[in-house]
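Peer 1: Here is a sequence with its predicted model. Questions after.
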Amino acid sequence: RMSNVCAAIGRGQMEVLDEHIAVRRSNWEKYNEAFKNYKGVSLLEEPGGYFSNRWLSTIVVDPAYTGGVTREDIRFELEADNIESRPLWKPMHMQPVFKDAPQYTNGVSEKLFSKGLCLPSGSNLSDEDLRRVIQKVTKTLL
């Protein structure tokens, strides 16, 4: 159950939702443009026929094609400059509480967890912040 105050805040946010989504989609596009020529770095694509809110901009880093650079190398480089990033979520079947639960996997979630990195993607990111993130990632890949 939601209080009246929380409902009012949520309702107010609905009025700017399209603007926030446009900014997040723009952030994703800038990341995609910046990293498109780096072998072994890809962004999660929008499935055909869908419109993603781009709530999260995630890169997948494959060290086999980046000269050995891992997502952890990039994460630590960003962290050294006080830029927050984090690995993709640990798959549910790898959580201790679900260790004995049935699982229906094909390796995709494990791969994304081991190679995926969530980059800053908030709708309040400035162009300068975005450039700084891109500069740090590309520096690590060189």
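Peer 2: Arrived safely, thanks for sending.
Peer 1: so what does the helix or strand encompassing Thr58 touch, helix or strand wise?
Peer 2: In this assignment (DSSP states H and E), Thr58 forms part of strand 57-61. With contacts defined as 3 or more CB pairs under 8 Å, 6 or more residues apart in numbering; DSSP states H and E, strand 57-61 has these neighbours: helix 17-35, strand 41-43, helix 71-80, helix 108-115, strand 116-119. Bear in mind the C-beta positions are built from the backbone N, C-alpha and C, glycine included.
Peer 1: quick one: which of these is nearest Leu141?
Peer 2: Proximity to Leu141 (CB to CB) singles out strand 41-43 among those, at 6.7 Å.
Peer 1: Need the residues that contact that closest one.
Peer 2: Strand 41-43 is contacted from outside by 28, 31-32, 35, 57-62, 66, 137, 141, using CB atoms under 8 Å, 6 or more residues apart in numbering.
Peer 1: Nearest residue to Asp73 in space, please, no chain neighbours.
Peer 2: Thr140 (5.7 Å; CB to CB, 6 or more residues apart in numbering).
Peer 1: Same question for Leu119.
Peer 2: Nearest to Leu119 is Ser57, by CB to CB, 6+ apart, at 4.9 Å.
Peer 1: What is the burial count for Met94?
Peer 2: Using other CB atoms under 10 Å, Met94 is surrounded by 14 other residues.
Peer 1: how many other residues sit next to Lys30?
Peer 2: 17.
Peer 1: quick one: secondary structure of the residue lying closest to it once chain neighbours are set aside?
Peer 2: Leaving out its chain neighbours, the residue that sits closest to Lys30 by CB to CB, 6+ apart is Leu130, at 5.7 Å. What DSSP: H, G, I helix; E, B strand; the rest coil gives for Leu130 is helix.
Peer 1: Looking at Leu130 now. What's its pLDDT?
Peer 2: In this prediction, Leu130 carries a pLDDT score of 96.
Peer 1: what do you get for Ile9?
Peer 2: 93.
Peer 1: How many residues are close by it?
Peer 2: The burial count for Ile9: 11, using other CB under 10 Å.
Peer 1: swap in Trp28?
Peer 2: Residues near Trp28, counting by other CB under 10 Å: 22.
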